[in-house]
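Engineer: Let me see the structure of the following:
(one chain, ligands or ions: 2)
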Amino acid sequence: MDKVDSQKLLKKGAEASLFLASWHGRRVIVKARFPKKYRPAELDAKIRSYRTAHEPQLMHEAKLAGVPTPTIFLVDMKNAVITMEFVEGKQVKQVLPHVSKKAQQELCGRIGVLIGKMHRRGVIHGDLTTSNMILSGEGKIFLVDFGLGEKNSELEARGVDLHLMKRALQSTHYQFAEECFRNVLRGYSEVLGGEDAGKVFEKIREIERRGRYVDERKQA
Ligand SMILES: Nc1ncnc2c1ncn2[C@@H]1O[C@H](COP(=O)(O)OP(=O)(O)O)[C@@H](O)[C@H]1O
Ligand SMILES: [Mg+2]
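Structural biologist: Numbering: from 1, shown residues only. Ligands and ions are numbered 1, 2, ... in the order given. Below is the predicted model of the structure:
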């Protein structure tokens, strides 16, 4: 029997709810996308089942790229529910402020390596925040929440992905965001090589210039 039981609500997000449950004697995470009343029923079903199929596919791709992601156990397309491994650990968001400078630099460097490995395989995460990274008990960094991700090898997609990470660091860890992002980029270039990484960094600068231009136009 594929029975999942003893569910405990962990998080009710805008798009999905997360439950901690038990399945065949192991702890699992159940991610359920419930119907949205404001969408026509047929379209709603399509969106939910698309995302339900899409997220495990990207997690699998990331795993093949050498990036730890939770193992997927069940995908229920009809009810838009994913059952996956529960990664025991802490969100990187909660860890980063409480470790030494050296450990911070090391963690951020490793995050950059993981992003580099994903991008090299054409996987864009889509929501690179330190809440979506879990430092496991064994010290591995797991990436979760691929619901906004895509397969894309273009410079623009890579730049946007990293730029989002920078913005997320600035808002969550403003005390050391700059240094952390520098280490992310260091790890990223170790994987992609200086030349390819350099092109992505130039893209990030271009995205920032575009952002400033839009801000100036808004104020004018
Ligand atoms: N497989 C998992 N194991 C352990 N914790 C998880 C797992 N998946 C998600 N989480 C935790 O739950 C939080 C919310 O899950 P997430 O998939 O990011 O949903 P949302 O789309 O609501 O942000 C994550 O930030 C992470 O801390
Ligand atoms: Mg999330």
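Engineer: Report the residue spans of the chain with pLDDT below the cut-off.
Structural biologist: Within the chain, the ranges that satisfy pLDDT under 70 run 1-6.
Engineer: where do the strands sit along it?
Structural biologist: 4-12, 17-23, 26-32, 72-76, 81-85, 89-91, 123-124, 133-136, 141-143, 150-151 (DSSP state E).
Engineer: near ligand 2 at all, the second one?
Structural biologist: No: Strand 17-23 stays clear of ligand 2 (C-beta under 5 Å from the ion), getting no nearer than 8.9 Å. (C-beta placed from N, C-alpha, C; glycine too.)
Engineer: try the third one
Structural biologist: No: between strand 26-32 and ligand 2, judged by C-beta under 5 Å from the ion, nothing touches; the nearest distance is 10.1 Å.
Engineer: The closest residue to ligand 2 within the chain: neighbouring residues, count only.
Structural biologist: Ligand 2 sits closest to residue 145 of the chain, with a gap of 3.7 Å, by C-beta to the ion. Residues lying near residue 145 (other C-beta atoms under 10 Å) number 22.
Engineer: which residues touch it?
Structural biologist: Residues near residue 145 by C-beta atoms under 8 Å, 6 or more residues apart in numbering: 127, 132.
Engineer: Next, give phi and psi for it.
Structural biologist: Residue 145 adopts backbone torsions of phi 70, psi 60, taken as degrees, to the nearest 10.
Engineer: Got the domain ranges for this structure?
Structural biologist: Per automatic domain parsing, the structural domains of the chain span 4-85, 89-219.
Engineer: The first one close to ligand 1?
Structural biologist: If I follow you right, that is domain 4-85. Yes: on the criterion C-beta under 6 Å from any ligand atom, domain 4-85 is in touch with ligand 1 at 10, 11, 13, 15, 16, 18, 29, 31, 70, 84, 85.
Engineer: Compare those residues and tell me which has the most neighbours.
Structural biologist: Neighbour max across the residues of domain 4-85 next to ligand 1 (other C-beta under 10 Å) = residue 31, 26 neighbours.
Engineer: Report the beta-bridge partners for the nearest residue to it once chain neighbours are set aside.
Structural biologist: In space, and not counting its chain neighbours, residue 31 is closest to residue 82: 4.6 Å by C-beta to C-beta, 6 or more residues apart in numbering. Counting by DSSP bridges, residue 82 forms beta bridges with residue 31, residue 75.
Engineer: and this structure, which residues reach ligand 2?
Structural biologist: 132, 145.
Engineer: If we use 8 Å, what do you get?
Structural biologist: 13, 127, 129, 131, 132, 144, 145 (C-beta under 8 Å from the ion).
Engineer: What's the local residue count around the spatially closest residue to residue 197 that is not a sequence neighbour?
Structural biologist: Spatial nearest neighbour of residue 197, excluding adjacent residues (C-beta to C-beta, 6+ apart): residue 189 at 3.7 Å. Burial of residue 189 is recorded as 19 neighbouring residues (other C-beta under 10 Å).
Engineer: hmm, back to that, just the domains of the chain: most buried one?
Structural biologist: domain 89-219 (a mean of 17; mean count of other C-beta atoms under 10 Å).
Engineer: quick one, longest helix in this structure?
Structural biologist: helix 194-219 (DSSP state H).
Engineer: and that helix, what other elements does it pack with?
Structural biologist: helix 155-172, helix 177-192 (3 or more C-beta pairs under 8 Å, 6 or more residues apart in numbering; DSSP states H and E).
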